[in-house]
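>>> fold the following, please.
(2 chains)
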There are 2 protein chains.
Amino acid sequence: MKSSSQFYLTYTCSLLLGLLCVTFVIYWNKQYRGGFAWDGSGKMFNWHPVCMVTGLVVLYGNAVLVYRLPFTQSSHKLLVKLAHATLNLLVLSLAVTGLVAVFEFHNKNQIPNLYSIHSWVGLSVVILFCFQWLLGFLSFLLPCTPLWFRAAYLDIHVFFGICIMGLSLVACHSGINEKLIFVLNTPNSTAPYAQLPSEAVFVNVLGVLLLGFSGTVTWMLYKREWRRKTPQETETLQAFCNSARPKWK
Amino acid sequence: MKSSSQFYLTYTCSLLLGLLCVTFVIYWNKQYRGGFAWDGSGKMFNWHPVCMVTGLVVLYGNAVLVYRLPFTQSSHKLLVKLAHATLNLLVLSLAVTGLVAVFEFHNKNQIPNLYSIHSWVGLSVVILFCFQWLLGFLSFLLPCTPLWFRAAYLDIHVFFGICIMGLSLVACHSGINEKLIFVLNTPNSTAPYAQLPSEAVFVNVLGVLLLGFSGTVTWMLYKREWRRKTPQETETLQAFCNSARPKWK
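Have a look, this model is predicted:
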């Protein structure tokens, strides 16, 4: 099978897995958790997993993949950068909405904020993402940014991009586990988590789908032959970086 | 600063962080959870986080880094492979011990096995790791394995190696969160998780240390100039692979 066919097959898989993740997280909160509202109740909390899964996992994965799509290889790089930045701005707005939903719910119900390792990691991801977006914008979209800085920062931007993907997954899984323990191990629940009621199986499958989506995206980023081909630009930037780097570096 | 000095500085950080992770997980289970035993009690369960953190995170990270250590670049490759395989065999034995500890504890206390997303991911990591070790051994240590197969499998081996690292972290974090909810949100506890008693802070910090360790290892794997330099061997393998690949491929 040709490499481009393999790419499109893998890409289709990632799109389907992403769609399934979003569908599963919406269905879970709609059917099992009572739906959505914006009133500080449990229904307001339900926006939290929906926004985080849709934003920081699925949309974020697709924002990263923009640089791998074969048709963007021939597009003007500024357009690709703008698509990447716009998608990530959408991710940021979803992440902030998700945070507001959980803080409002906690505050209204006098539940302390930021005590679990899930919340520590989750908040760190959002803060890291804000810095990543801002620095990415300043470095790669502002025309006045020196080329040596862009070249020096690119590797760090990509590295933290990978970290954000991993951390989001870590936060989603600990969050899913936490939520299922809280809502199923109560007297109101039809069956505890340990008896694997249908909600538990459904949400565990969501966890598996999240891993499948992230795995597929990681594979597409990892495959050497699918990386964006800009050797000349990279070489020019690298040479410029080496020559124009300030003396103190 | 020279690249090799940067490497050793980062490597020292990773060693220190790894040591801290192991110290923290042992201290947690010794001081806060009553210590260790092998009798099906809660003290037997305590081996589970210790084995998993020490094996599948810290030792595994070090096993992966064997290929990055500058002094191994001039060593005979077979020696490096043997070090990698031996460390991973140790990881495997720790992972199996960790699994036996939790299954025995559950069975003795009539707690169902494998219901949470933590357990699904955790068991998957161990199974994936077994396959990875076995296929790695068959591909890279058996002298009779065809070179075209080694070359074709190398990329997949490295990819799943990265996946195992990420999945271990996902499993550790959901496990830490789950355990703290279970032990702190009970009437016997001095304070619930939400009030952040000292155990909660200590174990959350363990979670942060695990992220720090994995992040440092990922950075060392990611840095292009620290990758093992075997271009000739890779080229020979690749050429051999292309020529000796069976017709059906």
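
>>> all contacts plus neighbour counts: C-alpha atoms, from now on.
Fine.

>>> and residue A:98, which of the three is it?
Under the three-state scheme (DSSP: H, G, I helix; E, B strand; the rest coil), residue A:98 adopts helix.

>>> ok, for it, nearest residue in space, not its chain neighbours?
residue A:48 (4.2 Å; Cα to Cα, 6 or more residues apart in numbering or on different chains).

>>> and the next helix or strand past the helix or strand that neighbour falls within?
Secondary structure assigned from DSSP states H and E places residue A:48 in helix A:47-52. Once the chain leaves helix A:47-52, the next helix or strand it forms, by DSSP H and E, is helix A:60-65.

>>> quick check: residue A:191 vs chain B, distance?
With distances taken as Cα to the nearest Cα, to the nearest Å, residue A:191 is found 12 Å from chain B.

>>> again with residue A:61
Residue A:61 is 16 Å from chain B, by Cα to the nearest Cα.

>>> who are the contact partners of that residue?
Residue A:61 makes contact with A:165, A:214, A:217, according to Cα atoms under 8 Å, 6 or more residues apart in numbering or on different chains.

>>> what of residue A:34?
residue A:43.

>>> which phi and psi does it have?
Backbone torsions for residue A:34, taken as degrees, to the nearest 10, come to phi 90, psi 0.

>>> repeat for residue A:40
Here is the backbone geometry of residue A:40 (degrees, to the nearest 10): phi 80, psi 0.

>>> burial of it, as a residue count?
18 (other Cα atoms under 10 Å in any protein chain shown).

>>> what does the model give it for pLDDT?
What the model reports for residue A:40 is a pLDDT of 97.

>>> pretty sure it is touching residue A:104, no?
Yes - judged on Cα atoms under 8 Å, residue A:40 makes contact with residue A:104 at a distance of 5.5 Å.

>>> roughly how far does residue A:21 sit from residue A:228?
27 Å (Cα to Cα, to the nearest Å).

>>> brain fart, residue A:119
Taking Cα to Cα, one finds residue A:119 at 35 Å from residue A:228.

>>> to the chain's geometric centre, what's the distance from the helix holding residue A:48?
In terms of Cα atoms, centre = their mean, to the nearest Å, the centre of helix A:47-52 is found 12 Å from the chain centre.

>>> from chain B, how far off is residue A:177?
Using Cα to the nearest Cα, we find residue A:177 at a distance of 6 Å from chain B.

>>> can you redo the contacts of residue A:61 as JSON lines with distance to residue B:125?
Shown next, in JSON lines, are the contacts of residue A:61 (distance: Cα to Cα, whole Å):
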{"residue": "A:165", "distance to residue B:125": "18"}
{"residue": "A:214", "distance to residue B:125": "15"}
{"residue": "A:217", "distance to residue B:125": "19"}
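
>>> show me which of those is closest to residue A:28.
residue A:214 (20.0 Å; Cα to Cα).

>>> who does the helix or strand hosting that closest one touch, helix- and strand-wise?
Using DSSP H and E, residue A:214 maps to helix A:198-222. Counting contacts by 3 or more Cα pairs under 8 Å, 6 or more residues apart in numbering or on different chains; DSSP states H and E, helix A:198-222 is packed against helix A:3-27, helix A:60-65, helix A:147-184, helix B:117-140, helix B:147-184.

>>> nearest to residue A:197, of the ones you listed?
Nearest of these (Cα to Cα): helix A:147-184, 8.7 Å.

>>> name the residues of the closest one that come out as buried.
Within helix A:147-184, the residues that qualify as buried are A:147-151, A:153, A:157, A:159-178, A:180-181, A:184, counting by 16 or more other Cα atoms under 10 Å in any protein chain shown.

>>> what's the pLDDT at residue A:232?
Residue-level confidence at residue A:232 comes out at 57, pLDDT.

>>> distance check, residue A:14 against chain B.
For residue A:14, the distance to chain B (Cα to the nearest Cα) stands at 16 Å.

>>> how about that residue, what does it touch?
Contacts of residue A:14 (Cα under 8 Å, 6+ apart): A:213, A:216-217.

>>> repeat that with 10 Å
Residues counted as contacts of residue A:14 (Cα atoms under 10 Å, 6 or more residues apart in numbering or on different chains) are A:8, A:20, A:58, A:61-62, A:212-217, A:220.

>>> so how far is chain B from residue A:165?
Residue A:165 is 10 Å from chain B, by Cα to the nearest Cα.

>>> name the nearest residue to that residue, ignoring sequence neighbours.
For residue A:165, the spatially nearest residue (Cα to Cα, 6+ apart) is residue A:57, at 6.8 Å.

>>> what's the average pLDDT for the helix holding residue A:214?
The pLDDT scores in helix A:198-222 average 98.

>>> likewise stretch A:47-54?
Here stretch A:47-54 scores 98 as its mean pLDDT.

>>> equivalent analysis for stretch A:17-33, please.
98.

>>> any idea how far that stretch is from the chain center?
With Cα atoms, centre = their mean, you get 16 Å for stretch A:17-33.

>>> for that stretch, which positions count as buried?
By 16+ other Cα under 10 Å, the buried positions in stretch A:17-33 come out as A:17-18, A:20-22, A:24-29, A:33.

>>> again with stretch A:69-82
A:69-70, A:73, A:80-81.

>>> indicate the residue of chain A located nearest to chain B.
residue A:174 (4.1 Å; Cα to the nearest Cα).

>>> for residue A:93, which residues are in contact?
Counted by Cα under 10 Å, 6+ apart, residue A:93 has contacts A:51, A:55, A:99.

>>> what helix or strand does the residue lying closest to residue A:126 once chain neighbours are set aside sit in?
Leaving aside its chain neighbours, residue A:126 sits nearest to residue A:95 (6.7 Å; criterion: Cα to Cα, 6+ apart). Residue A:95 belongs to helix A:77-108 when assigned by DSSP H and E.
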